[in-house]
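Student: Just need the structure, nothing else, for what follows:
(one chain, ligands or ions: 2)
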Amino acid sequence: MTATAAAPALPRAAADLKTAVCAAIDRRAEELAAIAEDIYLHPELGFKEFRTAKIVSQYFECLGLPHRDGLAITGVKAKLSGGSDGPTVAVLGELDSLAVGDHPHADPATGAAHACGHNAQIAMMLGVAAAFVDAGVAPSLAGSVAFIAVPAEEYVEIEYRNNLARQGKLEFLGGKPELIKLGEFDDVHLAMMTHTSSNKEDGLIGLSESSNGCIVKLIRFQGKAAHSGGAPHRGVNALNAATLALQAIHAQRETFKDADTVRVHPIITKGGEIVNVVPADVRMETFVRGKSIEAITDANVKVDRALKAGALAVGGKVVIETLPGYLPLRNDPAIGALFIENAKALVGAENVKPIGHRTGSTDMGDVTHIMPALHPYAGGAEGTGHGNDYRIADPRLAILNPAKAMAMTVLDLLCGGAAHAQRILAESKPRFTKDEYLAFQRRLTQTIQFDGASI
Ligand SMILES: [Zn+2]
Ligand SMILES: [Zn+2]
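Tutor: Ligands and ions are numbered 1, 2, ... in the order given. From the prediction side, this is the model:
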């Protein structure tokens, strides 16, 4: 048997490869839908996505892609190196579920349920990876593609994550901030992911300009216990302090500018101990969201003032712990333009919608503050986002379309000597370097103690 050396593959243009990559995704259609369904039926909350991460790492293994796992506890990262040097584009998928106890496919033990469609994100990210391997695109890329399964996008179970932080297992409570801190984005220059949507007005593929950022507050009102009937005058009612604080927060709302899309939505997580004791320990949580860092900072000052006002009125104490949440999302318009052209070619221009500004938050916003990045939406989900009826109804729309649109966009960025990627990088002005970002996040973390009795 004689061996003949294969001739090195010549780089091909993006347009030539797009058909091959889309066909490769179609050939994997059933397999990708099955992966999304498997994850849907086995939901795991953030930083606990061990089973889901295993699915991802086994898939990378089958594709022959070098990868590392256990990043920020459960993250997995694979890399496909191109034929020549150049920038790295990351395609991300989020591993975690939500907790919606009455969802028909909620985990009976944990309440975890995929009510935000992240199961489809993992399938589409794996679809892009598989298609690039199947279609043999690597020699045509001037740069690399990183495939990153990211833990914990949903900002939930704050106490649990704070405990992980106290044990030194985390610093930040969201997956992408933690991966940024760990250096997993140091070798990434541009990034993208696609979220599913059940909103008909988002079209089959939709792209927003931006979305709100948020900070997170844990609040503890401290009063003094006493007999509720016999001697309430000996007590200090922490529940009254909290309800006054809620009213004081509401009184700020007329000062929020419409354009800042501020959202403050506190909940009381503990209202007292037992009914015949004056509440001495009342807990609240809230997010403070806004369109810009400045808007969030302004609203946060007002919320702190309102919380102190409640404590002051009853002569109690309040401890306000503020944690970094997510930065506002700023989609990169140049990557967006490439993505939209590909989306139009796939689903027709009439099915691609501009979305404007959204008032939810995602830690993809943090990524957009340190590099050009994109977070569009794809249809195919139905039900209420974060509700008990949310599910992926049409895998073709929710998995295959976004996988193809992202794959085509990566080809646009990295084929042809990565001219598009280099142009975007030359023109982009990220707000923060990584170090500036980390310093900013760390400055946000603070605890205020206010004693209303000492005024
Ligand atoms: Zn969500
Ligand atoms: Zn989500």
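Student: use CA for all of it now, contacts and neighbours both
Tutor: OK.
Student: what's downstream of the helix or strand containing I35, the next helix or strand?
Tutor: Per DSSP states H and E, I35 falls inside helix 29-41. For helix 29-41, the succeeding helix or strand toward the C-terminus, using DSSP H and E, is helix 50-63.
Student: what about the protein, any weak spots by pLDDT?
Tutor: 1-9 (pLDDT under 70).
Student: ok, and what's touching the strand or helix carrying N163?
Tutor: Following DSSP H and E, one finds N163 within helix 158-166. Under the contact criterion C-alpha atoms under 8 Å, 6 or more residues apart in numbering, helix 158-166 has outside partners 170-173.
Student: repeat that with 10 Å
Tutor: 46-47, 155, 167-174, 216, 218, 285, 323 (C-alpha atoms under 10 Å, 6 or more residues apart in numbering).
Student: Could you identify the buried members of those residues?
Tutor: The neighbour count (16 or more other C-alpha atoms under 10 Å) marks 46-47, 155, 170-174, 216, 218, 285, 323 as buried among the contacts of helix 158-166.
Student: which ones among those are found in strands?
Tutor: 216, 218, 285, 323 (DSSP state E).
Student: Who are the contact partners of V188?
Tutor: Applying C-alpha under 10 Å, 6+ apart, the residues near V188 are 87-91, 144-146, 371.
Student: cool, and A142?
Tutor: 11, 81-88, 411, 413-419, 421.
Student: please redo it, this time with the cut-off set to 6 Å
Tutor: By C-alpha atoms under 6 Å, 6 or more residues apart in numbering, A142 lies in contact with 82, 84-86, 414, 417-418.
Student: Most neighbours among the residues you listed, please name it.
Tutor: L414 (28 neighbours; other C-alpha atoms under 10 Å).
Student: if we can go back for a sec, now render the buried ones among the contacts of helix 158-166 as a markdown table, adding distance to A259.
Tutor: Listed next are those as a markdown table, based on distance: C-alpha to C-alpha, whole Å:
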| residue | distance to A259 |
| --- | --- |
| G46 | 32 |
| F47 | 34 |
| Y155 | 25 |
| L170 | 35 |
| E171 | 32 |
| F172 | 29 |
| L173 | 28 |
| G174 | 27 |
| V216 | 21 |
| L218 | 26 |
| E285 | 25 |
| L323 | 24 |
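Student: which one among those residues gets closest to N199?
Tutor: Y155 (21.9 Å; C-alpha to C-alpha).
Student: Can you tell me the closest non-neighbouring residue to the closest one?
Tutor: Closest residue in space to Y155, ignoring its immediate chain neighbours: G174 at 6.4 Å, by C-alpha to C-alpha, 6 or more residues apart in numbering.
Student: Same question for V288.
Tutor: V264 (4.8 Å).
Student: Was I right to think the one you found contacts G290?
Tutor: No - V264 lies out of contact with G290 (C-alpha atoms under 6 Å); the separation is 8.8 Å.
Student: ok, the two, which is more surrounded?
Tutor: Neighbour totals were compared for V264 and G290, and G290 leads with 30 against 21 (other C-alpha under 10 Å).
Student: List the buried residues of the helix ranked longest in the chain.
Tutor: For the chain, the helix with the greatest residue count under DSSP state H is helix 293-314. Residues of helix 293-314 classed as buried: 293, 295-297, 299-300, 302-304, 306-312, 314 (neighbour count, 16+ other C-alpha under 10 Å).
Student: And that helix, how far out from the chain middle?
Tutor: 26 Å (C-alpha atoms, centre = their mean, to the nearest Å).
Student: could you say what helices and strands it packs with?
Tutor: Judged by 3 or more C-alpha pairs under 6 Å, 6 or more residues apart in numbering; DSSP states H and E, helix 293-314 is in contact with helix 238-250.
Student: Starting from the following helix or strand past the helix it packs on, tell me which strands it pairs with and how they run.
Tutor: Using DSSP H and E, the helix or strand that follows helix 238-250 in sequence is strand 263-264. Next to strand 263-264 in the sheet, as set by DSSP bridges, lie strand 281-290 (antiparallel).
Student: and the strand it pairs with with helix 293-314, angle?
Tutor: 160 degrees (axes from the mean of the first three to the mean of the last three C-alpha atoms, to 10 degrees).
Student: got the angle for strand 281-290 vs helix 158-166?
Tutor: 90 degrees.
Student: For the contacts of A142, give me CSV that also has secondary structure and distance to A191.
Tutor: Converted to CSV, those look like this (DSSP: H, G, I helix; E, B strand; the rest coil; distance: C-alpha to C-alpha, whole Å):
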residue, secondary structure, distance to A191
G82, coil, 16
S84, strand, 19
D85, strand, 17
G86, strand, 14
L414, helix, 13
G417, helix, 18
A418, helix, 14
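Student: of those, closest to I73?
Tutor: Proximity of the contacts of A142 to I73 (C-alpha to C-alpha) peaks at G82, which lies at 28.2 Å.
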